[in-house]
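Engineer: I would like to see how this sequence folds:
(one chain, ligands or ions: 1)
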Amino acid sequence: MKDALLCPTQLGDIPLANRIVMAPMTRDRAGPGDAPSDLMVEYYAQRASAGLIVTEGVQPSPAGKGYWRTPGIHSPAQIEGWREVARAVHAKGGRIVMQLMHCGRVVVPANRGFDADIIAPSELACPVPVPGPDGVPAPCASPRAIAASEIPALIADFVQAARNAIAAGLDGVELHCASGYLVNQFLNPASNQRTDEYGGPAENRIRFPLAVLAALAQAIGPGRVGLRISPGNPYNGMDSSDPAATFVPFLQGVAPLRLAWCHVVDMGLDELDTLAMVRASFGGPIIANNNLKPASAAALLDAGRAEAVSFGRAFIANPDLVQRIAADAPLAKPDYSLLYTGEARGYTDYPLLDAGDPQ
Ligand SMILES: Cc1cc2nc3c(=O)[nH]c(=O)nc-3n(C[C@H](O)[C@H](O)[C@H](O)COP(=O)(O)O)c2cc1C
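Structural biologist: Numbering: from 1, shown residues only. This next block holds a predicted model:
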């Protein structure tokens, strides 16, 4: 059964040696100026045997930063840092795409270390506290509702970020449309109460997300662009009722762009078969995610419900997850107290199965 996980595939223009994708995970290890650190180079290189790595969320602009020590892709130093990450992963035969994550209203200002706009579709603060410096929960600041006239410049920030990612040598980008961040804030009626052409009915709430995806596809080619969604996820104050009412028209709008993948965080909803909904509306390759084990992941591939599967937490403590799955070896458990410390401990020191030390 695990054979399905280990055979190669292609997502858009990107060939994958196997169908095991590393899910995006924020780990708060960026260096000065929010540039990727040497530690990050080592961490991603250790995990290069994944068929594809999706990086942690990366801010396309200063205004996109909401969390502590997260990396960006808008300055020369950041581009240089990512070049080292991409080079190290490619040197080990891996593939890596960058997740573009604009936090929108999910911002604890003290996490930034600089002053920048806090923007969102509407002037509605994220109702839940999020981790501030050193992971201590803190309230989010109130955002400013972005004017319609500013939207072209916001889209241009995403386009420039994608061009920068490609210039740094990454294989593509994934637009974060999930988990209550900016793109999701436009899609969701709880955070989008605009009365212009970007708010109100679903056909308006999908307008900005579709415009960003179309612009990314035009800039770097649709075969290097994917998106990530989490229909029905209430995280960061999203309204989780009736996700199909928004996601069916959204994905039908995405379909003609012929993007390389849709990465689906399947919330296991009672009322909706999320993967089937994505299959019917989007039509392109699916990366399935959430709480998968090797056996359940292989079953999804065997049933034709997804083309690839992603693992998040399993990759934290198992840099050689692919080899472990191939060998039916036990999986190590992560130390969750070390997720966001900024240190090597709990990040690059999880051992390989065979060797005593990570390489
Ligand atoms: C430490 C941590 C950080 C995460 N950061 C991100 C992120 O930056 N972007 C994102 O889309 N999802 C993020 N996620 C969600 C994961 O990509 C994934 O959807 C989740 O862990 C469920 O997959 P799993 O059951 O295989 O762990 C994060 C998850 C964890 C555990």
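
Engineer: tell me which parts of the stretch 51-200 of the chain are close to the ligand?
Structural biologist: Glu56, Gly57, Gln99, Met101, His176, Ala178, Ser179 (C-beta under 6 Å from any ligand atom). For glycine as for every other residue, the C-beta is placed from the backbone atoms N, C-alpha and C.

Engineer: Closest to the ligand out of these?
Structural biologist: The ligand has its nearest neighbour among those in Gly57, at 3.4 Å by C-beta to the nearest ligand atom.

Engineer: who's in contact with that closest one?
Structural biologist: Neighbour list for Gly57: Pro24, Thr26, Thr70, Gln99, Leu100, Met101, His176, Tyr181 [criterion: C-beta atoms under 8 Å, 6 or more residues apart in numbering].

Engineer: and the third one, how many residues sit next to it?
Structural biologist: Using other C-beta atoms under 10 Å, the number of residues around Thr70 comes to 23.

Engineer: Wait, a helix at it?
Structural biologist: No - judged by DSSP: H, G, I helix; E, B strand; the rest coil, Thr70 forms no part of a helix; its state is coil.

Engineer: thought it was touching Ala30?
Structural biologist: Yes - if you go by C-beta atoms under 8 Å, Thr70 and Ala30 touch, sitting 6.0 Å apart.

Engineer: ok, longest strand in this structure?
Structural biologist: If you go by DSSP state E, the chain has its longest strand at strand 52-58.

Engineer: what separates that strand from the chain centre, distance-wise?
Structural biologist: 6 Å (C-alpha atoms, centre = their mean, to the nearest Å).

Engineer: Next secondary structure after it?
Structural biologist: Per DSSP states H and E, strand 52-58 leads on to helix 76-91 as the next helix or strand towards the C-terminus.

Engineer: And that next one, what does it pack against?
Structural biologist: When contacts are defined as 3 or more C-beta pairs under 8 Å, 6 or more residues apart in numbering; DSSP states H and E, helix 76-91 sits against helix 38-46, strand 96-100, helix 151-167.

Engineer: what sits against Pro222?
Structural biologist: Counting by C-beta under 8 Å, 6+ apart, the residues that Pro222 touches are Gly12, Leu257, Arg258, Leu259, Ala260.

Engineer: Name the residues of the stretch 251-359 of the chain found near the ligand, please.
Structural biologist: Residues of the stretch 251-359 of the chain lying near the ligand by C-beta under 6 Å from any ligand atom: Val265, Asn289, Asn290, Asn291, Leu292, Phe311, Gly312, Arg313, Ala314, Leu339.

Engineer: Pull the number of nearby residues for the residue nearest to the first one when sequence neighbours are not counted.
Structural biologist: So that's Val265. Once flanking residues are discounted, Val265 sits nearest to Ser230: 3.7 Å by C-beta to C-beta, 6 or more residues apart in numbering. Ser230: 25 surrounding residues under other C-beta under 10 Å.

Engineer: now Ser230: how far from Pro71?
Structural biologist: 22 Å (C-beta to C-beta, to the nearest Å).

Engineer: same check, this time on Arg144
Structural biologist: 24 Å.

Engineer: In terms of packing, which of the two has more residues around it?
Structural biologist: Pro71 (27 against 14).

Engineer: does the more buried one really touch Gln59, like I thought?
Structural biologist: Yes - Pro71 is within contact range of Gln59, at 7.5 Å (criterion: C-beta under 8 Å).

Engineer: Overlap of the contact sets of those two?
Structural biologist: By C-beta under 8 Å, 6+ apart, the residues touching both Pro71 and Gln59 are Asp34.

Engineer: now the end-to-end length of stretch 118-131.
Structural biologist: Distance across stretch 118-131, first residue to last, is 17 Å (C-alpha to C-alpha, to the nearest Å).

Engineer: can you pull the buried residues of it?
Structural biologist: Ile118, Ile119, Ala120, Pro121, Ser122, Leu124, Ala125, Cys126, Val130, Pro131 (16 or more other C-beta atoms under 10 Å).

Engineer: And the pLDDT at Gln359?
Structural biologist: Per-residue pLDDT puts Gln359 at 44.

Engineer: wait, I meant Gln252
Structural biologist: 98.

Engineer: Near the closest residue to Thr55 other than its chain neighbours, how many other residues are there?
Structural biologist: Excluding its sequence neighbours, the residue lying closest to Thr55 (C-beta to C-beta, 6+ apart) is Met98, at 4.9 Å. Met98: 29 surrounding residues under other C-beta under 10 Å.

Engineer: Show me what Met98 bridges to in the sheet.
Structural biologist: Val173 (DSSP bridges).

Engineer: Fine by me, we can end here.
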